[in-house]
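Novice: The sequence isn't on hand, but the structure is:
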Ligand code: BGO
């Protein structure tokens, strides 16, 4: 059978290393990413050697401010694994979803693994409605405990099955941002992969230096994109990068409101 490549991505302390070790067992290769002292670990699924698992450095964002972010971003946009498992600390859902939205923008088919579900249950603080979360985001979602080896079969099953052929579920932001992005999309080189166009349009909008240098844009294109950004900044009275940051947090707040129930509220009203 054909090999499948899976990349593990997540915030630091989300349980990525624990999950990687359980999934791959002793089938691991450890080295460094080229030119840097960041550890690079890859392996194969214990129960299926045709599935390779690449562990990527723990990060909070894909704006390349750190070596770890740069490594992960380059891997996802240049190597393009078949699938991405986003390991989320489910006790810190909001903070972890900030990375999730960015990972979804890369166009790599993604599976959400809500890790530490044993802690969420023990804390009895909130209930996460998995079906709703999966529906709102449009991505397959499982809850797991890497530590207690719970539901890991569900995860590997979802991560190795053929991704659904439905349109890729890019997160949608404020219509005024969407309209700026669609104008930038029209100016992107046609050679650019369809699945990655939105990622790069957002990066150009954020004035990401790497994106601005990568595309050999003509002075005319640069000028057009700059005009689009400037007019959106005027509307929001904010810089383009913080417009995107805020749009992501607004979307996360909506997702949480729809998919998470606070149990504290109930106990307070009873006692
Ligand atoms: C310590 N459930 C619970 N309860 N804990 C988990 C789970 C889970 O499903 N998965 C991981 N952890 P990493 P990154 C620790 O190390 O894999 C725990 O950075 C401790 N260490 O055991 O390292 C895991 O690779 C002392 O906890 O994450 C680890 O993503 C006291 O989450 C931590 C308590 O996991 C981070 C915990 C000396």
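Specialist: Yep, that arrived. What you are looking at is a predicted structure, and each value in this text was computed from that prediction instead of being measured.

Novice: And the strands in this protein?
Specialist: Taking DSSP state E to define them, one finds strands in the chain at 4-10, 28-32, 39-45, 48-55, 83-89, 110-115, 126-128, 141-143, 260-262.

Novice: Whether stretch 54-71 contacts the ligand - can you check?
Specialist: Yes - on the criterion CB under 6 Å from any ligand atom, stretch 54-71 is in touch with the ligand at residue 58. In this view, the C-beta of every residue, glycine as well, is placed from N, C-alpha and C.

Novice: and that stretch, which residues are buried?
Specialist: 54-64, 68-71 (16 or more other CB atoms under 10 Å).

Novice: now swap in stretch 15-24 and tell me
Specialist: Using 16+ other CB under 10 Å as the burial criterion, the residues of stretch 15-24 that qualify are 15, 16, 17, 18, 19, 20, 22, 23, 24.

Novice: what's the most buried one of the strands of the chain?
Specialist: Using mean count of other CB atoms under 10 Å, the stretch among the strands of the chain with the greatest mean number of neighbours is strand 110-115 (a mean of 27).

Novice: Residue 159 is in contact with residue 82, isn't it?
Specialist: No - in this structure residue 159 lies outside contact range of residue 82 using CB atoms under 8 Å: 9.2 Å.

Novice: From the buried residues of stretch 15-24, which land in helices?
Specialist: 16, 17, 18, 19, 20, 22, 23, 24 (DSSP state H).

Novice: how close does the fifth one get to residue 243?
Specialist: The reference is to residue 20. When distances are taken as CB to CB, to the nearest Å, residue 20 and residue 243 turn out to be 35 Å apart.

Novice: Return the residues in contact with residue 51.
Specialist: In this structure, residue 51 makes contact with 3, 4, 5, 6, 44, 45, 156, 160, judged by CB atoms under 8 Å, 6 or more residues apart in numbering.

Novice: Next: residue 16.
Specialist: Contact analysis of residue 16 by CB under 8 Å, 6+ apart lists 8, 9, 10, 55, 58, 87.
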